[in-house]
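Engineer: what would the 3D arrangement of this be:
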Amino acid sequence: MPSSIFILLILVMFSCCYCQQQDDHLLIRSIEKLPVHTEVINLRRLLFPNNISDIKTIDFSLAKRDEFPYMYFLINHSSQGILTIRKEIDRDELCRLRHCRCDTWCDLELEIIVDREGFNIELITIRIIDRNDHKPVFLKNQINLTIVENAPIGAMIKLEAAVDHDQGPNSIIGYSLISSKSLPFSLLYNLIRGDLSLVVEQVLDRELISSYKFDIIARDGDNQTGILHVLVTIDDINDSPPKFEQLIYVLNNISESISIDSIISRVHAIDDDDGVNGEINYYLISQDNCFHVDAVTGDIHVRCLLDYETQTIHRLEIEARDRGEGYKTDFCTVLIHVLDENDNAPIIDIYSHDIQTDMNSLTIFLNESLPINSLILSLSIIDRDSDDNARVTWKLDPLSLIPFELIRLTESTGELRTKTLLDYEHISQYNLTLEAHDHGRPFSKSTHLNVYIIILDENDNIPTFQENNMTATITEHVKLISQDGYEIFHLHALDYDHGLNGEVVYSIINNENNVFRIDSNTGIIRALIEFDKKQQDKYILQVKAQDKGQPSLSSQGTITFTVISQNEYSPECDMNNNNNNISWSILENSEYGTIIGMLSCRDDDKDLPNGEISVYPQWFPEGKIDDQNKYMIPFEIMTTKSNITESTLLIIISVNGSVDREMFSFYALTLVISDHGNPSRSTNISIEIEILDENDHCPQLNIESSFIMINRDVTQSYFLINLVAFDLDIGSNGNITFELSPETSPLFTNLYPNGTLIVETDSYLITDDSLVLLHVQIRDHGQPMPCLIVETLRLFIGTNRTNWVTVAKKHNYDDRSLSLPTEGFQQGKRMAHAYSISSSSRSSPIFQFSSSISLLSARKQILLVFIGSSIIMFIVVLTMVLCFIDCVHKAAKEKKHNLAMTKANSISNNSSTPLTNTKHNFNSLSTKKKTFHKDSSSTNHYKSLIPTTKTKPITKISSSTSYSSSSIDSTTRANTAHNRAITNTFTYVALNTSDDFMPVDFDDNINSNVDDKRFELMMTTV
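Structural biologist: Reported below is the predicted structural model:
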């Protein structure tokens, strides 16, 4: 076994290393990258091959140790001379470090010192043989190349060759192209120089193929490969012109109402070039200021308002130009057909000789003397649109009740002429509207022309007096204060003309003695002398009224002045005082027709005008009432002649409305009593009417809630609260006192008349968690009958330990009644969410709080609805049954009724106050009452007085424990106990008595405590 291993090592050594004798030294070949300690050569055999066994003493050593190339070798067994590998030798690394030549051979020279009876140096060369331990490698895995598309055939692109550090056949032996498509390239490789080039073999066209992808494979002698990914991009040249998609673009139905800067279309051209050569700009060649082409996108923009009526077709020439060097172009034509829209309103042209125009108005001036059928204006109406948009319908409004006529000459022309005579005094101006509208779609357009026709006045009206023969009176012995005299008459003539034609100048024709003077402009006639009727009792003047027109017109009249006695006396009224101030008073709610007061006034002048009196009333002369209430004065002023003397006038002031002291407590009136003298005299009477209060209002408790919580731990001795009530009446009628109902008030409560309520919270009579009901009686002290109301207060009394929800449920209040924690109570403070509770139905309280407690269950609500519906149905059925029984009952008693009428007639014959001589009727009026007074006439009719607010309604609260009633009527007060038991009361008023309803045993003395000759019928219904 050891011998076999030795033989094997010998074979390996000789296979790896072999020796060759050179001329001057020895050459030893060794493969690179042998393991360390591998034997390179046996120096003894190498240097002394023939006598290797004879030489006993010999020693081998390296001349150097750590220097290159000695660092790679080591001599083991210096006497044997075995040269081994000390450090692995990498031929490729040595070439890189230039320690040996890589193009031919990599030789390492060693000096060997041989010590054999002396020193000797032997030079040996170790040639490192290359091993194929590298494969071809490209410096980059991928490269991008660019070549212009017009590169000639044979053009080369230098490439970086692959690197293989091996030598000889182990190095690169060739390159190849790998691609899935046909390539217009080939590879050129120079093994000597190591150059690699890509050669163009075919004509390139970027527009057909813009790039190529392929792989270059490098192979060495052992078929090891390296790969390079190549992308060749064909660089474009500007060899293709732009091409428009269409040579002619036709754009139809472009609306003329399209807005400015709108895009109506886009032109587009294609350039097969790339980059700048393929970028296209668009230019508008034709001169059309209404359109603009976007240089980049080719969008056609509108730059002006299109008008079909001006231009129907627009022709645009557009150029497409690329941006390459030596740019190329193309052209197209765009035809734009404008669509007519109804964008023009009809135009009204007016032709007239005397007009004034202003926008949509026209003013025409016409003389009122214009004859019939005169031409006022000619008109024509046009519309610049086409088809239905230009078809116009026109009319004149109003066409009736005017003195003009519209004559249509053609479909679009016409004339306006007069059809009757014009009259300035009747109508001085006409406002006409000429309306024209087209038939465009979807909306028509219209034009309105306001025609104002102004009639010019002519002097065609004569000034006229109201009466041609006028009469007036003059008071004698009137002293002249100034030389201008005093006014005695105002002459007035009416002229319907306008301007100077209507200005009247007055004059006296027969004024020989200059007794009178007239103001020519105003017509005021003044007396210039002191008259005495004994000398002359009448004066007749001829007067003239003349206008200022050209030519002027005039009329004449006669004024007869009668001289009368002097107006010596002013009107006088019979009053107790001499200062002309009167104060009257009346009770509020007085009936209609009630007389407040009367004045008797007279004038002691004997002549009729001087002694005639007129009354002029003025309410609130100092302006203490607004305009709205001036029309609500509840009084009427009447005047009548006295029966005693004709010159005495009676002034009667009576009630004519509702008198309410709470609205107005007094009224101020000034009566101006004036006679008809010339000049007149007057007297002013100041009257103050005071409204007396009546007890027509009941007290009202001012309280937010009748529900009060009392915590005994907080108020340990007394709980105090002040009750406040108000009454709109005054005096004793508005004086209010409080008291508790003695039947229901507990002993631990005390209510003072001023409204102070005290609850003794420490009383042993109080049970914790209890409900106390207090009936508070609030009354005023009105006369003749005070008003009383009853309010119910509910006191919940507990402590800090009280569960108020449980207390509410205990007293039949639901979970929503309370939502207040115990510690939230303070003395004298009620719940903020409490409301008044009606005690008519204890099982269903009607007050609710905003509570967080859960609502009633749905089952309970459904049950309540069912019970309520059943009760309503029962009432309806019961009502129908009662009505049927009533009808049967009436039929059965018809005979008895006839006997009752006979008996009633017999009684009336013996009575001093007959009741049944006349047939009367009953009309039922709910909650109203009327009083009937016996008439003193022979027919013994009962007359009905007009109801006023004096009658007070009976107030009922549906409750067994809380009620209120108010009435000043004694009969109602007498039935107070009866009223408390009735839930609803209706009062039937007898407007007229009836034999059909008058009982035979009627007694009008039922209410004997009322000393009155009237009677009252009270009926109640269910």
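Engineer: quick check: mean pLDDT of the top helix by length along the chain?
Structural biologist: Across the chain, the longest stretch assigned as helix under DSSP state H is helix 858-892. Per-region confidence: helix 858-892 scores 83 on mean pLDDT.
Engineer: and if you look at stretch 300-312?
Structural biologist: When pLDDT is averaged along stretch 300-312, the result is 91.
Engineer: picking that back up, pull the distance from the longest helix of the chain to the chain's centre.
Structural biologist: Relative to the centre of its chain, helix 858-892 is centred 51 Å away, using CA atoms, centre = their mean, to the nearest Å.
Engineer: also stretch 384-394?
Structural biologist: The answer for stretch 384-394 is 41 Å, by CA atoms, centre = their mean.
Engineer: who's residue 454 bridged to?
Structural biologist: residue 365, residue 429 (DSSP bridges).
Engineer: need the contact list for the residue lying closest to residue 455 once chain neighbours are set aside.
Structural biologist: With CB to CB, 6 or more residues apart in numbering as the criterion, residue 455 has its nearest non-adjacent residue at 4.5 Å, and that residue is residue 424. The way it works is simple: take the backbone N, C-alpha and C, and place the C-beta from them, glycine included. Contact analysis of residue 424 by CB atoms under 8 Å, 6 or more residues apart in numbering lists 368, 455, 456, 457, 458, 497, 498.
Engineer: re earlier: give the buried residues for the longest helix of the chain.
Structural biologist: The neighbour-count check on helix 858-892 (16 or more other CB atoms under 10 Å) flags nothing as buried.
Engineer: any idea how far residue 754 is from the spatially most central residue of the chain?
Structural biologist: The residue lying closest to the centre of the chain (CA atoms, centre = their mean) is residue 443, at 29.6 Å. Using CB to CB, to the nearest Å, we find residue 443 at a distance of 79 Å from residue 754.
Engineer: again, but for residue 697
Structural biologist: Distance from residue 697 to residue 754, by CB to CB: 20 Å.
Engineer: neighbour count for these two, which is higher?
Structural biologist: Taking neighbours as other CB atoms under 10 Å, residue 697 and residue 754 compare with residue 697 leading, 20 against 11.
Engineer: I'd guessed the more buried one sits against residue 727; true?
Structural biologist: Yes. Look at residue 697 against residue 727 with CB atoms under 8 Å: they come within range, at 5.6 Å.
Engineer: now do the shared contacts for those two.
Structural biologist: Shared contacts of residue 697 and residue 727, counting by CB under 8 Å, 6+ apart, come down to 733, 734.
Engineer: sketch out the low-pLDDT regions of this protein for me.
Structural biologist: Where the chain drops to pLDDT under 70, the residues are 1-25, 51-56, 103, 353-354, 623-631, 808, 811-861, 894-1022.
Engineer: who does residue 60 bridge with?
Structural biologist: residue 114.
Engineer: touching, it and residue 113? I think so.
Structural biologist: Yes. Under the criterion of CB under 8 Å, residue 60 makes contact with residue 113 at 7.2 Å.
Engineer: ok, these two, which is more surrounded?
Structural biologist: Taking neighbours as other CB under 10 Å, residue 60 and residue 113 compare with residue 60 leading, 24 against 16.
Engineer: all strands of the stretch 601-750 of the chain, in order?
Structural biologist: 613-619, 635-641, 648-655, 666-675, 682-692, 700-701, 707-711, 718-722, 725-726, 736-740, 749-751 (DSSP state E, counting those that start in this stretch).
Engineer: out of those, which is the most enclosed?
Structural biologist: strand 707-711 (a mean of 22; mean count of other CB atoms under 10 Å).
Engineer: from the chain's centroid, how far away is that one?
Structural biologist: With CA atoms, centre = their mean, you get 47 Å for strand 707-711.
Engineer: helices or strands up against that strand?
Structural biologist: Helices and strands touching strand 707-711, by 3 or more CB pairs under 8 Å, 6 or more residues apart in numbering; DSSP states H and E, are strand 788-798.
Engineer: next SSE after the strand it packs on?
Structural biologist: With elements assigned by DSSP states H and E, the helix or strand that comes after strand 788-798 is helix 804-810.
Engineer: which helices and strands does that following helix pack with?
Structural biologist: strand 788-798.
Engineer: direction included, what does the strand it packs on pair against?
Structural biologist: Strand 788-798 sits in its sheet next to strand 707-711 (parallel), strand 770-780 (antiparallel), strand 964-965 (antiparallel), going by DSSP bridges.
Engineer: got the CA positions of it in CSV?
Structural biologist: Coordinates of each C-alpha in strand 788-798 appear next as CSV, following Å, rounded to 0.1, in the frame of the first residue of the first chain:
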residue,chain,number,x,y,z
LEU,A,788,-114.0,84.8,43.6
ILE,A,789,-111.7,82.3,42.0
VAL,A,790,-110.3,79.1,43.6
GLU,A,791,-106.8,77.8,42.8
THR,A,792,-105.5,74.4,43.9
LEU,A,793,-102.0,74.1,45.2
ARG,A,794,-100.3,70.7,45.6
LEU,A,795,-97.7,70.3,48.3
PHE,A,796,-95.4,67.3,48.2
ILE,A,797,-93.9,67.0,51.7
GLY,A,798,-90.8,64.8,52.2
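Engineer: residue 203 and residue 151, how far apart?
Structural biologist: From residue 203 to residue 151 the distance is 9 Å (CB to CB).
Engineer: which one of those two has more residues nearby?
Structural biologist: Neighbours per residue, other CB under 10 Å: of residue 203 and residue 151, the larger number sits with residue 151, 16 against 11.
Engineer: and the nearest residue to residue 85 once chain neighbours are set aside, how many neighbours?
Structural biologist: In space, and not counting its chain neighbours, residue 85 is closest to residue 38: 4.7 Å by CB to CB, 6+ apart. Around residue 38 sit 16 other residues, with neighbours defined as other CB under 10 Å.
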